[in-house]
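*Asks:* 3D model of this:
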Amino acid sequence: MPKIKVLVADDHTILRDGICALLALVGDMEVVGEAANGLEAIEKVRELSPDVVLMDVAMPVMGGLEATRRIRAEFPDTKVLALTQYDEKEYVFPIIEAGASGFVTKTSASSELAYGIRAVHRGESFLSPPVARVLVENYRQAAGLKDKRDPYEQLTEREREVLKLTAEGYTTQEIAETLIVSPKTVEGHKATLMAKLGIHNRVELVKYALRRGIVQL
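*Replies:* Sure, this is the predicted structure:
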């Protein structure tokens, strides 16, 4: 099976070297290149065609936000997993809106980082627990919800459809074709519903759907 080609974009050399060393130990991944800023990341994507870009948000010359927006527009097959030391909503929402498929913090464990890369490579969304909490809290504040209320009741009809289809094993592309929307729209619904439910990956999503009786074994 071909390895997942990863491009690591971070302006801190020591951290970038550490991430590359960690990923070198993961059997199904290969670091094909490195970038020290957003502009360089775009150039490396054009040159190396990575499957996933691990993108730092705050970088000189061009930040990760603009780089993500351009990469997703020019290279739609390349996924972006945002990486930052910040988990405040001021950083989370813009990078997701720019097209990132997931968000992990620099304090994440190496296993979580690898899982996130695999998830976005499969076309899924991934949020590290601190980021998911930020999204859930923001949603609760915006909707005026109390913790005791059932988050499922706050899902839109379309979000429930995406939840059910995802739990049944459909890919993002298949869901997009079924609902007659774009894959990006599906990813947006998926990220929002996972944030509302406090779910961090597809495994948890399937377990939740089974508990709710949304899908059957």
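
*Asks:* do you know how far residue 59 is from residue 184?
*Replies:* To residue 184, residue 59 is 24 Å away according to CB to CB, to the nearest Å. Placement of C-beta: from N, CA and C, glycine included.

*Asks:* with neighbour numbers in mind, choose between the two.
*Replies:* Under the criterion of other CB atoms under 10 Å, the comparison of residue 59 against residue 184 puts residue 59 first, with 23 against 14.

*Asks:* tell me which element the more buried one falls in.
*Replies:* In this assignment (DSSP states H and E), residue 59 forms part of neither any helix nor any strand.

*Asks:* give me the phi and psi for residue 5.
*Replies:* phi -90, psi 120 (degrees, to the nearest 10).

*Asks:* likewise for the one 3 residues further on?
*Replies:* Residue 8 adopts backbone torsions of phi -100, psi 120, taken as degrees, to the nearest 10.

*Asks:* which residues touch it?
*Replies:* 16, 19-20, 23, 31, 33-35, 54 (CB atoms under 8 Å, 6 or more residues apart in numbering).

*Asks:* now for these: which two are most distant?
*Replies:* Largest separation among the contacts of residue 8 by CB to CB: 23 and 35, giving 14.6 Å.

*Asks:* more neighbours: which of these two?
*Replies:* residue 35 (25 against 19).

*Asks:* pLDDT score assigned to the residue nearest the centre of the chain?
*Replies:* The chain has residue 102 as the residue nearest its centroid, 1.3 Å off, counting by CA atoms, centre = their mean. Note for residue 102: predicted pLDDT of 87.
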